[in-house]
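*Asks:* Need the 3D shape of this:
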Amino acid sequence: MKNYSVRISNIRISNFKNTLEGEISLVNSKKAFKASVLGIYGQNGSGKTSLIEAVSLLKYALTGQEIPVVYSNFISVNSEQKERKASFVFDFELKNDTECITVTYSFSIKAELVNNDNRIEQSLNSSTLKVFVVDECIECPIYSKKEGSKNKRGKVLSVDPVEVILPKCKKYLLAGNTPENETDLKVAQQLAYERSVSFLFSLGFIKILRERFNSNSVPQKDKSEFEYYYNVIESLITYGNMGLFVIRTESTGLLSLNIQTLNFKYNDGTTGALGSISIPLKDSGVIPADAYTVVNKVIVNLNIVLSKIIPGLTISVKNLGEQIQPDGNKGYRIQLMSHKNQQQIPLEYESEGIKKIISILQLLIVVYNDSSTTVAIDELDSGIFEYLLGEILSIVSENGKGQLIFTSHNLRPLETIDKSFIAFTTVNSNDRYVRATNVKSTNNLRDIYYRNLMLDEYRDDLYEKTNNSEIALAFREAGVNSGS
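*Replies:* All right, here's what the predicted structure looks like:
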């Protein structure tokens, strides 16, 4: 199997939360930065978190995880479609030493009421709301046996309710062309739908691909073509499980560790590499026994950077004893400890800012060193001293190798990182994301943004104006009405 580094190059969103249409490129073509950084700035409620949630949905899809029902609330009610759906299109660059392949994965989510027999119905009686993944499609350059020919892009796998997968030639190539193969595909599709997971990245479909890859059932004349598409799909799976991480605001109470060497068992008995493990910052938590040594090694590496960011501070893992996990396997209950000025205290008693830095630091280390890692962080600036925030982002953007997507309200990074790494949200729900244009290298982007908010010098859709007099009057009226 070929090894590709993977990163997102473009994101398109439709009918999701308050974003009816939004598209943003993550490719920096102006300068030869190895890192790909995208900082999203804008007014509250203007679509910043929508982008992070879209990346989170991508993570769920690529890893074959169930889409949480909470996402049913994010499908726009303003959609003019016949059925309410939120749609997403992600472009990826798959690179190795010899080639670069542009791959597109698109899908939609829809919510419906389902009864206990998984039959879709309109009544609330005995029904539950579920989110379904639909309209899945993978596109990439079509395999060509002619050397030197330019490959045209086309659909490799497109999910169809009748044929399961189109085009048929690719279905027969990747899954086989027998009645048994057709039955296996239909069963896998139905299970994926019932479980609210992606079909193309479900355990059932991936098992079919891998069994065909490991067997001798692919004709010799088709093996190169099969392996080409198989490598693309497996690269996206590896990226989703081991290279893509999302930190929401509610995730900042966890220390997310990227661990790519630990094997663990899936529910179906198969084994795989564990991409990440999360440890509570405010309480103790249980980790697999096999992960204990690896976690301690990761903490040692984390301390190398932590002690430089917050002089004199390090953390450690305290083993509180053996505990059997729900799956029956042995684990250890651990608690993170803080060390500073020769004193040791539980990390939960440190400031929120320190805990925020620690919660994301190991993933930032991976972004700095690994070109096939993408980390998306909502409200990166929360609790972090603005000068330190600007310096950290400057270091990662100028010398890092991976991909960082973040939202922030602190404008300090506008002065410290390259202007091409910054995008703004607009008040136009049909065109949510824009880049700064015609900004000279000598211009201070922070000053330009501030002036635009006050005077509309740059463009008039970056901020929905508020009136201080009206706000003051509203405060006074609210006080009177409450009897204050």
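*Asks:* Tell me if Ser56 really is in a helix.
*Replies:* Yes: residue state for Ser56 (DSSP: H, G, I helix; E, B strand; the rest coil) corresponds to a helix.
*Asks:* Quick check: the gap between it and Ile405.
*Replies:* Distance from Ser56 to Ile405, counting by CB to CB, to the nearest Å: 11 Å. Glycine gets a C-beta too; all of them are placed from N, C-alpha and C.
*Asks:* swap in Asp97?
*Replies:* Distance of Asp97 to Ile405, given as CB to CB: 26 Å.
*Asks:* More neighbours: which of those two?
*Replies:* Ile405 (24 against 5; other CB atoms under 10 Å).
*Asks:* number of nearby residues for the residue nearest to that one when sequence neighbours are not counted?
*Replies:* Nearest residue to Ile405, sequence neighbours excluded (CB to CB, 6 or more residues apart in numbering): Ala376, at 4.2 Å. Residues lying near Ala376 (other CB under 10 Å) number 27.
*Asks:* contacting residues for Ala376?
*Replies:* 51-52, 55-56, 245-247, 404-406 (CB atoms under 8 Å, 6 or more residues apart in numbering).
*Asks:* what do you get for Ser25?
*Replies:* When contacts are counted by CB under 8 Å, 6+ apart, Ser25 is found next to 9-10, 435.
*Asks:* Likewise for Glu93?
*Replies:* If you count contacts by CB under 8 Å, 6+ apart, Glu93 has them with 6-7, 9, 27, 100-103.
*Asks:* ok so it is a strand residue?
*Replies:* Yes: Glu93 sits within a strand when classified using three-state DSSP.
*Asks:* The helix or strand Tyr105 falls within packs against which elements?
*Replies:* In the assignment (DSSP states H and E), Tyr105 maps to strand 100-115. If you count contacts as 3 or more CB pairs under 8 Å, 6 or more residues apart in numbering; DSSP states H and E, strand 100-115 packs onto helix 48-62, strand 86-95, strand 127-141, helix 223-242.
*Asks:* Next, the buried residues of it.
*Replies:* By neighbour count, with 16 or more other CB atoms under 10 Å as the criterion, the buried positions of strand 100-115 are 101, 103-114.
*Asks:* What of stretch 202-213?
*Replies:* So, applying 16+ other CB under 10 Å, buried residues of stretch 202-213: 202-206, 208-209, 212-213.
*Asks:* again, but for stretch 66-84
*Replies:* 67, 71-72, 74-76, 79, 84.
*Asks:* isn't Thr49 right up against Asp378?
*Replies:* Yes: counting by CB atoms under 8 Å, Thr49 does reach Asp378; the two are 5.6 Å apart.
*Asks:* Name the residues contacting each of the two.
*Replies:* In terms of CB under 8 Å, 6+ apart, Thr49 and Asp378 are both contacted by the residues Thr407.
*Asks:* Could you identify the most distant pair in the buried residues of strand 100-115?
*Replies:* With distances taken as CB to CB, the most widely separated pair in these is Ile101 and Leu113, at 40.3 Å.
*Asks:* partners of Ala111 in the sheet?
*Replies:* Under DSSP bridges, the beta-bridge partners of Ala111 are Val131.
*Asks:* coming back round to it: out of the contacts of Ser25, which are buried?
*Replies:* Among the contacts of Ser25, those buried by neighbour count (16+ other CB under 10 Å) are 9-10.
*Asks:* quick one: least confident of the contacts of Ser25?
*Replies:* Lowest pLDDT among these: Arg435, with 85.
*Asks:* what sits opposite that one in the beta ladder?
*Replies:* Per DSSP bridges, the residues bridged to Arg435 are Ala423.
*Asks:* how close does it sit to Glu464?
*Replies:* 20 Å.
*Asks:* can you check Met337 too?
*Replies:* Applying CB to CB, the value for Met337 to Glu464 is 46 Å.
*Asks:* Between these two, point out the one with more neighbours.
*Replies:* For Met337 versus Glu464, the count of surrounding residues by other CB under 10 Å is larger for Met337: 15 against 11.
*Asks:* For that one, name its beta-bridge partners.
*Replies:* Beta-bridge partners recorded for Met337 (DSSP bridges): Ser316, Pro346.
*Asks:* from memory Asn181 sits against Ala175, does it?
*Replies:* Yes: if you go by CB under 8 Å, Asn181 and Ala175 touch, sitting 5.3 Å apart.
*Asks:* Which one's more surrounded, those two?
*Replies:* Comparing Asn181 with Ala175 by other CB under 10 Å, the one with more neighbours is Ala175, at 21 against 18.
*Asks:* Around the nearest residue to Thr374 once chain neighbours are set aside, how many other residues sit close by?
*Replies:* In this structure, Thr374 finds its nearest non-sequential neighbour in Gln403, 4.2 Å apart by CB to CB, 6+ apart. By other CB under 10 Å, the residues close to Gln403 number 24.
*Asks:* I figured Gln403 hits Thr373, correct?
*Replies:* Yes: using CB under 8 Å, Gln403 is in contact with Thr373, at 6.8 Å.
*Asks:* got the contact list for the spatially most central residue of the chain?
*Replies:* In the chain, the C-alpha nearest the mean C-alpha coordinate belongs to Val55, at 3.5 Å (CA atoms, centre = their mean). By CB under 8 Å, 6+ apart, Val55 lies in contact with 8, 11, 244, 246, 374, 376, 405.
*Asks:* Whatever helix or strand the first one lives in: what's the following helix or strand?
*Replies:* Read it as Ile8. According to DSSP H and E, Ile8 maps onto strand 5-16. Next in sequence after strand 5-16, counting helices and strands by DSSP H and E, comes strand 19-25.
*Asks:* which residues of the chain score low on pLDDT?
*Replies:* 1, 30-31, 78-82, 115-127, 146-150, 250-253, 258-276, 455-460, 481-484 (pLDDT under 70).
*Asks:* Break it into its domains for me.
*Replies:* With domains defined by automatic domain parsing, the chain comprises 5-242, 259-369.
*Asks:* Columns distance to Ser420 on top of those, output as a markdown table?
*Replies:* Listed next are those as a markdown table, based on distance: least, CB to CB, whole Å:
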| stretch | distance to Ser420 |
| --- | --- |
| domain 5-242 | 5 |
| domain 259-369 | 17 |
